[in-house]
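Visitor: with the input below, show me the fold.
(one chain, ligands or ions: 1)
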Amino acid sequence: MSSEKDDLRRIRALSAQLHQHNFRYYILDDPQISDAEYDRLLDDLQALEQRYPDAVHADSPTQKVGAQWGPEDFIADRLPPVQHGVPMLSLENAMGTDAVLQWVERVRRGLELQDEDANPPLTVEYKFDGVAVSILYEDGILVRAATRGDGLVGEEVTGNVRTIRSVPQQLTDKNPPACVELRGEAILLHADFDAMNRSRSAEEGLFANPRNAAAGSLRQLDPRISAKRPLDVFIYGVGDQQGIDLSSQQQLVDRLPGWGFLASPFLRSVDNSEQLLEIYQEVLESREQLPFDIDGLVIKVEGVELREQLGMRARSPRWAIALKFPPRQETTRLLEIQVQVGRTGALTPVAHLEPVEVGGVTVSRAGLHNPQEIERKGLMIGDQVVVQRAGDVIPQVVKSIESLRDGSEKEFHFPDKCPACSEPIWCPEGEVIPHCQNLQCPAQIRGRIEHFASRRALDIDGLGEKLIDQLVSEGLVKTPSDLYRLELDEVAALERMAQKSAENLVAALEQTKQRSFSRLLHALGIRHVGERVAELIVDSQRDIDTLMAASSETLEQIDEIGPAIAASVADFFSRDSVRQELEVLRAAGLKMKADGPPAGETRAGPLSGLTVVITGTLPNLSRGQAKALVLAAGGKVTGSISKSTDLLLAGDKAGSKLEKANKLEVEVIDEAEFQRRIDETTTT
Ligand code: IVH
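Guide: I've put the predicted structure just below:
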């Protein structure tokens, strides 16, 4: 027969478990138990709550009657405050090893260690550079998580912490303690930080460093967003604890892996100052190799009794100290900004800096990403700038220090011509990285030829990276069309080139003359033009002369081709360098005409010859259905409104397309009118 105390405990545990399962089901879309198991837990809770009506909490999972759970149950409009039962203290900082040795002395005095040789027992661990989090487990079940806040009151981040892979929802322990509050640091591994930044759009901006990214992720209001941010947690301390006695750092660290946490990556016991200094030196030198950021070491007196004996200062304990590493941010002069042309024609600015040592590595260059970044950071040539090395090894310019300007600084103007070939650069609205679209640009030639020859483009057998390198460095190939000027003898004369391979290459080039026009179009490497887009363009424009004459408005009429693609194609073909190149390719005999009839010949029907745009939510038809009806009625569907749009079929929340249609005086109809038109004409 279970005691009332046990029953009440079980009520709490079941509620927490059910909340956890609701969260996994409704937020993460990743349930961990079957519906039947869930129902069993809910039945158990209901039965217990019937026996103890006073124990029914308003927030109990049994209290949401008749309604489904949904994301709104887990997304707060603010992060609620959490009072820390045991304050989350901060650490005194020692800015160098001398200060640590003085601290050791103070500890010795505090512990009244008279004997010269008696040393306090100390542990050394990493000082993780992330954001502190406190995670409360009751009966082994995660019930609440909070940030540090001001140390006394933090913010509740339970939902977000539930999404962290290295935080167990339940301690894997047959006899879990009644209560244990585990404290640690939420961090982002460098690899995850880099991947996160790679997937950020220009508007979202990049995270400056893993710590900022971790803090932002932990404090998200919507846990579905934090679920996409791969945080990890390293535990380094205990807050409240009942039913367990973790009285030393070693005891805590030993327990963690068994409970399902990450093992502590570094914990050493030391019993003299020399050892401490050795460890400092060792970690300082090896920290660059760690997969996460640390900003120092934390040295703690081992054992709860000694800690109690030493006591506290206002906000930090006397029994611990942080030994910080020299900063990974430094100030230096911005000497120049150079614009580099990548293999795909992307123009990216790079800062050249007066060499400076940052966190043990000399930095003389830093990526600046795009022109907007330079503007946002207000950089001028000659400025004193703050440089940092974040998680990755690529250094960044954080900001310029305006107060240190002396008037000699010069504004930086992003070039309007490609620095490698002097062609005008191209950066349409909505894009942040300017590009050079010159087929003859020397900076891009290797990349362009590689793409030109690739399997899905013109598939030039035998023309791999090494041979391209040779051809380019020998000066035989400066543009794609030069490939067709190659003489067998020239190729055969290349170093390590057998006669047979040279013959094969020439034959492979000959075969490219049989490839379709759309493959050639893809092979040209026009920005935004992949295989599919090339096919769509060829299907509608049919031959190179029509295509070269097409404006971006005309190209936008093509189904599935939006303004960015249309602008890119029009810009590309407007260039003399491109036209010259195409003439040579045409003379060489490459196909520049569509092979068969167009894929979507217009049908006769009520909408025959009409171009229709569909927007908003239609009451009865899906977009796909509406599109099929337009096509069946002989019309054409395009993605955006232009002067040649005949009809806009608009549903609810039509937005900017409706505005544009009104401006261009395009006829707008609703679904009922649309149905009437197709029916009317089909019945007459
Ligand atoms: S112990 C009473 N250990 O550093 C001791 N803190 O500046 C409280 N931190 O807020 C903390 N690694 O977020 C401790 N191994 C470690 C740590 C660590 C990082 C952070 C923690 C704390 C801050 C204090």
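
Visitor: for the stretch 551-684 of the chain, what spans make up the strands?
Guide: Using DSSP state E, counting those that start in this stretch, the strands of the stretch 551-684 of the chain run over residues 611-615, 636-638, 647-650, 667-669.

Visitor: tell me the strands beside the second one, with direction?
Guide: Based on DSSP bridges, the pairing partners of strand 636-638 within the sheet are strand 611-615 (parallel).

Visitor: can you give me the pLDDT of D222?
Guide: The score at D222 is 85. That number is its pLDDT.

Visitor: one more: N22?
Guide: 88.

Visitor: can you start the count at 43 instead of 1 from here on
Guide: Renumbered: residue one is now 43, and that last one reads N64.

Visitor: now do the SS call for the closest residue to it other than its chain neighbours.
Guide: Nearest non-adjacent residue to N64, counting by C-beta to C-beta, 6 or more residues apart in numbering: W111, 4.8 Å away. C-beta: built from backbone N, CA, C; applies to glycine. Classification of W111 by DSSP: H, G, I helix; E, B strand; the rest coil places it in coil.

Visitor: bridging residues for the residue of the stretch 143-292 of the chain at minimum distance from the ligand?
Guide: Nearest to the ligand in the stretch 143-292 of the chain, going by C-beta to the nearest ligand atom, is A174, at a distance of 3.2 Å. Assessed by DSSP bridges, A174 has beta-bridge partners E227.

Visitor: correct me if wrong: it contacts I229.
Guide: No - look at A174 against I229 with C-beta atoms under 8 Å: they stay out of range, at 10.6 Å.

Visitor: picking up where we left off before, redo the strands of the stretch 593-726 of the chain as a markdown table? Include mean neighbour count and distance to the ligand.
Guide: Conversion of these to a markdown table gives the following (neighbours: other C-beta atoms under 10 Å; distance: least, C-beta to the nearest ligand atom, whole Å):
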| stretch | mean neighbour count | distance to the ligand |
| --- | --- | --- |
| strand 653-657 | 23 | 50 |
| strand 678-680 | 20 | 55 |
| strand 689-692 | 23 | 54 |
| strand 709-711 | 15 | 58 |
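
Visitor: hmm, back to that, more neighbours: which of A174 and I229?
Guide: I229 (26 against 22; other C-beta atoms under 10 Å).

Visitor: next up, phi/psi of the more buried one, please.
Guide: Main-chain dihedrals, I229, degrees, to the nearest 10: phi -130, psi 170.

Visitor: check the residue nearest to it when sequence neighbours are not counted and give its pLDDT.
Guide: Distances taken as C-beta to C-beta, 6+ apart place G172 nearest to I229, at 3.5 Å, with adjacent residues excluded. We have a pLDDT of 94 for G172.

Visitor: ok, now A630?
Guide: 96.

Visitor: that one and K555 touch, don't they?
Guide: Yes - at 7.3 Å, A630 and K555 qualify as touching, with contact defined as C-beta under 8 Å.

Visitor: any regions of the stretch 593-726 of the chain where pLDDT drops low?
Guide: Applying pLDDT under 70 to the stretch 593-726 of the chain flags the ranges 638-639, 641-645, 666, 722-726.

Visitor: just the closest residue of it to the ligand, please.
Guide: Closest point on the stretch 593-726 of the chain to the ligand, by C-beta to the nearest ligand atom, is A606, at 44.2 Å.
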